[in-house]
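1. Below is the structure, and that's it, no one-letter string:
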């Protein structure tokens, strides 16, 4: 049985410049459809309003509601209870990566990222999930 194709990504990032670059990289290069949110609360609101992503991409360090807090909130909603999640962060020491995975992330992408490689990295994590 083939796994469903990755199409819809919920992307949560507070930095406007990074949001723009990642959106271009994932939509233009990867062909994905993105729902882009500038905060964890905005992401929770979008999912509560009915958005159902195939994958969640989360910045770790955000004001008010950080990435781990956002993921915790998303896990309480039926639409995203089991949706694969990936953290994007500059904090990529082994212990930090282990922590993110302990929260249920399928992977971690290091910032700064290469816009030309981002879609392929996301696809690789999606295809490699269990």
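-> Ah, there it is. Since the model is a prediction, treat every value here as computed from it, not as a measurement.
2. I'd like to know which elements the top helix by length along the chain is packed against.
-> For the chain, the longest helix by residue count, based on DSSP state H, is helix 115-128. Judged by 3 or more C-beta pairs under 8 Å, 6 or more residues apart in numbering; DSSP states H and E, helix 115-128 is in contact with helix 16-24, strand 55-59, strand 107-110. Placement of C-beta: from N, CA and C, glycine included.
3. Point out the most buried one among the ones you listed.
-> strand 55-59 (a mean of 25; mean count of other C-beta atoms under 10 Å).
4. how far out from the middle of the chain is that strand?
-> On the basis of C-alpha atoms, centre = their mean, to the nearest Å, strand 55-59 sits 1 Å off its chain's mean C-alpha point.
5. what's the answer for stretch 42-56, then?
-> In this view, stretch 42-56 has its centroid 11 Å away from the chain centroid, taken as C-alpha atoms, centre = their mean.
6. So residue 55 is in contact with residue 84, correct?
-> Yes: using C-beta atoms under 8 Å, residue 55 is in contact with residue 84, at 5.3 Å.
7. Find the residues that touch each one of the two.
-> residue 126 (C-beta atoms under 8 Å, 6 or more residues apart in numbering).
8. quick one, what contacts the residue positioned nearest the centre of the chain?
-> What sits nearest the mean C-alpha location of the chain, by C-alpha atoms, centre = their mean, is residue 57, with 0.6 Å. Contact analysis of residue 57 by C-beta under 8 Å, 6+ apart lists 9-13, 22, 85-86, 88, 109, 122.
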